[in-house]
Structures are given as structure tokens and as C-alpha cells.
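>>> Quick check, what structure comes out for this input:
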Amino acid sequence: MDAILTRCADAVAGFGGFATLPEATRHDAVRRVLDTVGCGIAAFHHPAVRAGRALALRAQETPGATLLGTAHPAPPETAAFVNGTAGRVMEGNDAYPGGGGHPSDAILPLLGLAESLEAGGDALLDAVWIAYQIHFALFRDLKLRDAGLDHVLYTAVATAGGAARLLGLDAAATRDALALALTPNLALHATRVGELSMWKGAAAGNAGRAGIFAARLAAAGMTGPERPMDGHHGLIELIGPREAGPVFATPDPMRARAAHKFLLSEYHAQGPMLATLDLRPRLRMEDIAQVEIFTYHFTWSEIGSGAEKWRPTTPEAADHSLPWMIAGVLVDGAFSDALFAPERLGDQRIHALMPLIRVTEDKALTAIFPRAYPCRVAITLKDGSVLGAEVPNPPGHPDNPMSDAQMAAKFLALAGRVLPPDRAEAALGWLWNLPAQRSLRPLLELVRVEA
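All right, here's what the predicted structure looks like:
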């Protein structure tokens, strides 16, 4: 049997439950669900979500998983694709920065499965915590980006683990669920290279779909490959030897590692944008001679290098272009994700400023990463003077956490894009009390978008 997947399955089956976790961890888990639901509601009209929903409305299951914002009960794996995509495409959900992906990508797929099983908030949180642990363990041990594979594989396997818990699978069936999620879902990192497409946001929803489907297959009696991770022609043989650590890490990686997003943007752009905005009131646009962003290698390689970053032509490419974001906040004097709207892509004020922007790796900052996510911005004016600002860690980093009030404000701003204020407030209150909720259906009714 596959030693790595067996250890994961045994950990899932042997977990004592959400109620056994420390209070701070339980509260943090609620914040993760609340934050991701807000992102998912706000994305109701996003083109990728509309495309998925158009297909999902053709299928129905009772009891099923509600397509977020509607009253339609879909098969849980179908809803997982639509809802998981919605939770991701706004670029607002939490992350394991540095190539670890977004552990919260599992939340909305698991919420749909929990709803279909008529489970309550505590069972959902139980599954979510497990998914975070598996996701982090895989990221820590496998580093798939280095092998050209995409981080959504972590999501597929982690979602399968949380789903197995919701379905009450034993260790053997859970191992099958993990194997069925892993084997057919080796996604390519090509998703996040070059001129990005809509699939950049939908890949996470697809991984959530794969995880839910794998667990449901295992529950129906389907078995998976014996050694897809550590066996002949398995993943480890493909990517090279790896060291395997504990499945449930200490300290809890949900609280200690998963960073919230203060802004709706790629995580590593948050610090540079906030530093730039700090400098913006002190200068006139016509006086700028050069803007230089000093950062660690990952930011430079992921969003600050390559000619395409200086000429994005899609919203997905713009929200992964550090030059575009820096030029945009200088032009606007503020940040809004409207910067990534198709109609902004031809903004000549931004295009005129982008050739003045340089992104430079600072080896000293690379040495600090990933313990911290520091950056500094230097803006040289035409008179030769230089304005500078630094951000050690953006708000939402575990060492600079967002408060509950900030989380609530973010939720209301996101949900308020498609819901009336009273229902957004009601959904927020309901979510703060998630552990006590015996049914998840009232939430889905609260966040229904009016035609």
C-alpha cells in the first residue's frame, strides 16, 4: 500500500473532531469559511462562474448541493466546480504563499457536499480543518511547482480527504478516495505561465470537483491505484525523491501559515501595492522618472518578470502582473479589483507608466522569504529625489493578522456587490455562529441572488 496516502488516510480516520481543537483554531476556521463564502458570493456574475453554472443547471440531484446564489440543487461534484470557481476567481481567498496555492479552495466544494448530506456547521468545519492539514502537508513535502505541476493537485487530494470525513469513510476507503483524487488529476503549472486565461481561476474549482467525485466514488465502492504516490510510475518517481513529514503539522498550519488577503489581488503584490499607495500622496504623476520594486525571488519570478507582464491582455494576466498593478494604483490613487476589468486593459495612462516600472530581486529579501514577505518601493522623481516605503508583511499575514472587524468589513463589501445590505448582514451573523448551525441550507437561502 502507498505509505504516504495510507498515513494521510489514517490521520483523517483517527482525527478526534473539530470540538477537540483549541478555541483559537476553531475561531480561525470560522473566519476562513466566512471569507471564502464572501468571495464566492461576489463572483456570482463572473464569466467563468456563469459558464460553469450554465452547464451545472442541466443536472439536478435531491438532496443536492445548491449552486451558490441560486436555488438549484446540483450533484455535489457539479456544484463543487461552480462554487469552487466562484470562491477563487475574485483573487480574495487565503493562500499558502510561495507556490502553496489556496487551501480555502476546498471550502465551498465541501460546503456543498455537507449540505447534500444534511450535515451541520461543526461537520463542515471538521472537514475543512482536515483539508487544510492535508493541503499544507502536500505543499510542504512535494513542492509541485518545481516539477512543473500546478498546486491545484493539493486541492484535489485535500478536498477528497475532507469529503471522506463527511461521508464517514473508514481508513481504507479514505485511502482509495485520496488515490482516486491524485491519480487522474496531475494538473500542469502551464495554467499560470505566460498570458493567463480564465482557467487560472477555474482550475481550483475543477480540483474541488475532482476531490468530491473521488470521495463519492470511494463511498460507492470504487477502489483506487495501490501506490500512486510512492510506487512504480507514481508521483514521486515523476517529480523526484521527497521527504515526508507529519500529516497534521504543529503549529496548526491553518493559523500559522495560511495568509488572508487584504486586497483582491495576487498575494505577493499586496505589499508592493500598499507601499506604493503610501507614497502616492507625496508625488505628482508627471514627476515620476522611475519606479522600482525590490522583492524576493518568488514575486519576481511569478508576477514581475517576462515581457507579457508589461502588456497584459486578459483580466487574469492583469491580476498576475505586478507592473500593471503598481501602475494602476499610481494612476487611481487607490486599489480596486476594477483595475482588472476588461475595459481597463486599454487604459493608456497605465500603459504609459508601465515602462518606468522595474521589478528587482533583492537577495537579502529572498533570504528572509518565506518566513516573511517583505518588499520596498523606491520612486525616483525627475529632479533626482527618491521616495521610499517598505512593507514587512501585508495585512492578513499571520504575523500581521486581519481583525475580526476587518474580516467582517471585507465580507460585507464582497457580499454587498450582489446582495441587499440586510441579507449580507444576516449571512455574516449566521456565519459567525457556524459551529452551532445544525443545517447549512439557511445560509444558501440567505445568499440567493435576486434575478
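
>>> Centre-most residue in the protein?
Most central residue of the chain, judged by C-alpha distance to the mean C-alpha position with Cα atoms, centre = their mean, is His102 at 3.1 Å.

>>> what's that one in contact with, if anything?
For His102, the set of contacting residues under the criterion of Cβ atoms under 8 Å, 6 or more residues apart in numbering consists of Arg88, Asn93, Asp94, Ala95, Tyr96, His151, Thr155, Ala204. All C-beta spots, glycine's among them, are computed from the backbone N, C-alpha and C.

>>> just the strands in the stretch 251-400 of the chain please.
Applying DSSP state E, counting those that start in this stretch to the stretch 251-400 of the chain gives strands spanning 288-295, 357-361, 375-381, 386-391.

>>> which other helices and strands contact the third one?
Contact here means 3 or more Cβ pairs under 8 Å, 6 or more residues apart in numbering; DSSP states H and E; on that basis strand 375-381 packs against helix 270-279, strand 288-295, strand 386-391.

>>> Could I get those in CSV, plus columns for mean pLDDT, distance to Thr78 and mean neighbour count?
CSV is the format used below for those (pLDDT from 0 to 100; distance: least, Cβ to Cβ, whole Å; neighbours: other Cβ atoms under 10 Å):
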stretch, mean pLDDT, distance to Thr78, mean neighbour count
helix 270-279, 98, 33, 23
strand 288-295, 98, 40, 20
strand 386-391, 98, 41, 16
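
>>> okay, the strands of the stretch 251-400 of the chain in CSV with distance to Ala13 next?
Formatted as CSV, the entries for these read as follows, by distance: least, Cβ to Cβ, whole Å:
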stretch, distance to Ala13
strand 288-295, 42
strand 357-361, 44
strand 375-381, 43
strand 386-391, 43
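
>>> which stretch among those strands comes nearest Phe213?
Closest approach to Phe213 among these (Cβ to Cβ): strand 288-295, 38.7 Å.

>>> Neighbouring strands - and their directions - for the closest one?
The partner list of strand 288-295 in its sheet, established with DSSP bridges, is strand 357-361 (parallel), strand 375-381 (antiparallel).

>>> which of those sits most buried?
Between the strands paired with strand 288-295, strand 375-381 has the highest mean count of neighbours, a mean of 21, where neighbours are mean count of other Cβ atoms under 10 Å.

>>> Could you check the angle that strand makes with strand 386-391?
With axes from the mean of the first three to the mean of the last three Cα atoms, to 10 degrees as the criterion, the two stretches strand 375-381 and strand 386-391 enclose an angle of 160 degrees.

>>> Tell me the gap between strand 375-381 and the middle of its chain.
Centre-to-centre, strand 375-381 and its host chain are 29 Å apart (Cα atoms, centre = their mean, to the nearest Å).

>>> neighbouring contacts of that strand?
271-272, 275-276, 279, 283, 287-296, 299, 326, 362, 365, 386-391.

>>> 7 Å - rerun?
Among residues not part of strand 375-381, those counted as contacts by Cβ atoms under 7 Å, 6 or more residues apart in numbering are 271-272, 275-276, 279, 283, 287-295, 365, 386-391.

>>> Low-confidence bits of the chain, can you list those?
Regions of the chain meeting the criterion pLDDT under 70 cover residues 451.

>>> Show me it divided up by domain.
Per the record, the chain has its domains at 3-262+413-446, 267-391, by automatic domain parsing.

>>> out of those, deepest packed?
Per-stretch averages of neighbours, counted by mean count of other Cβ under 10 Å, single out domain 3-262+413-446 among the domains of the chain, with a mean of 21.

>>> Just give me how far that domain sits from the chain centre.
The chain centre lies 10 Å from the centre of domain 3-262+413-446; the measure is Cα atoms, centre = their mean.

>>> can you check stretch 407-418 too?
17 Å.

>>> Secondary structure element holding the nearest residue to Leu117 once chain neighbours are set aside?
Nearest-residue entry for Leu117: Leu166, 6.0 Å, with adjacent residues in sequence omitted and distances by Cβ to Cβ, 6 or more residues apart in numbering. Leu166 belongs to helix 152-167 when assigned by DSSP states H and E.

>>> Send me that helix as PDB with only the CA atoms.
Extracted as PDB, the C-alpha positions of helix 152-167 are listed here (Å, rounded to 0.1, in the frame of the first residue of the first chain):
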ATOM      1  CA  VAL A 152      -4.500  22.500  -7.500                       C
ATOM      2  CA  LEU A 153      -3.400  18.900  -7.100                       C
ATOM      3  CA  TYR A 154      -3.100  19.700  -3.400                       C
ATOM      4  CA  THR A 155      -6.700  20.900  -3.500                       C
ATOM      5  CA  ALA A 156      -8.000  17.800  -5.200                       C
ATOM      6  CA  VAL A 157      -6.400  15.400  -2.600                       C
ATOM      7  CA  ALA A 158      -7.200  17.700   0.300                       C
ATOM      8  CA  THR A 159     -10.800  18.000  -0.700                       C
ATOM      9  CA  ALA A 160     -11.100  14.300  -1.100                       C
ATOM     10  CA  GLY A 161      -9.800  13.900   2.500                       C
ATOM     11  CA  GLY A 162     -12.300  16.300   3.900                       C
ATOM     12  CA  ALA A 163     -15.100  14.800   1.800                       C
ATOM     13  CA  ALA A 164     -14.200  11.300   3.100                       C
ATOM     14  CA  ARG A 165     -14.600  12.600   6.600                       C
ATOM     15  CA  LEU A 166     -18.000  14.000   5.800                       C
ATOM     16  CA  LEU A 167     -19.000  10.700   4.200                       C
END
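
>>> I'd like to know which elements the very next helix or strand once past that helix is packed against.
Using DSSP H and E, the helix or strand that follows helix 152-167 in sequence is helix 171-182. If contacts are counted by 3 or more Cβ pairs under 7 Å, 6 or more residues apart in numbering; DSSP states H and E, helix 171-182 sits against helix 3-14, helix 152-167, helix 199-219.
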